[in-house]
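>>> What follows is a protein structure lacking sequence information:
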């Protein structure tokens, strides 16, 4: 079965510093990987996805993620963190079903705190 | 427009009440989803509708009853809920159900409290 792991419950970074939120995956077949962000009491907002092609994926709000097949990782990055980036971040992978549909498997989430 | 709307934003109900959650999207998406999310946990899939037909039910108790009246609307009917059902209920949509690369767009959620 497909799965993703987010090894850090929480990441702390100072404003202006680069940030990385880690994600590793385990899939059979092609990995379809996603990052979502969730602000308090809000729904999930799509940031970016990797389907195929360039290993560096650029997304919303200045975020990017690097797909690394040999390390089975899909880490989320931003060159310069903002206080407003403080939120809960979910990595996700698509699990293709025999019926032709799919399910989205979410990681446990990583809480990002950006300190001014 | 990539907006999914949900009403109400907050709902408090007793264990004997009947209530409904509503979700709407006008992106022309043909797949719609209900998720349940407990605090500080990832969303858990409940139901998937594909072309207005129920395609996935993740063994959800019958006190939750989904309905898809048309391609833009998704309802979740609630009856005889338990306090442990208190959670954030998220609706999402994507272009097609079988499109594994399609992006899912989420609504802001309904915060449900069962007393």
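Structure received. Computed from a predicted model, the values in this text were never measured in an experiment.

>>> Write out the residues of chain A neighbouring chain B.
Proximity of chain A to chain B, by Cβ under 8 Å from any Cβ of the partner chain, involves residues A:32, A:34, A:36, A:41-46, A:49, A:51, A:88, A:90, A:94, A:96-97, A:99-104, A:106-109, A:111. Where you see a C-beta, it was placed from the backbone N, CA and C, and this is true even at glycine.

>>> let's see it at 7 Å
Taking Cβ under 7 Å from any Cβ of the partner chain as the contact definition, chain A meets chain B at A:32, A:41-44, A:46, A:49, A:51, A:90, A:94, A:96, A:100-104, A:106-109.

>>> Now do the same contact list for the residue lying closest to residue B:11 once chain neighbours are set aside.
In this structure, residue B:11 finds its nearest non-sequential neighbour in residue B:112, 5.0 Å apart by Cβ to Cβ, 6 or more residues apart in numbering or on different chains. Residues in contact with residue B:112 (Cβ atoms under 7 Å, 6 or more residues apart in numbering or on different chains) are B:11, B:85-87, B:89.

>>> Pick out whichever of the residues you listed sits closest to residue B:52.
Nearest to residue B:52 among those: residue B:89, at 19.9 Å, using Cβ to Cβ.

>>> so which helix or strand takes in the closest one?
Secondary structure assigned from DSSP states H and E places residue B:89 in strand B:87-94.

>>> name the element the most centrally placed residue in chain B belongs to?
With distances taken as Cα atoms, centre = their mean, the residue of chain B nearest its centroid is residue B:34 (2.8 Å). Under the criterion DSSP H and E, the helix or strand holding residue B:34 is strand B:31-37.

>>> Neighbours of residue B:25, how many?
Residue B:25 has 23 neighbouring residues, counting by other Cβ atoms under 10 Å in any protein chain shown.

>>> Distance-wise, check it relative to chain A.
Separation of residue B:25 from chain A (Cβ to the nearest Cβ, to the nearest Å): 12 Å.

>>> partners of that residue in the sheet?
For residue B:25, the beta-bridge partners are residue B:4 (DSSP bridges).
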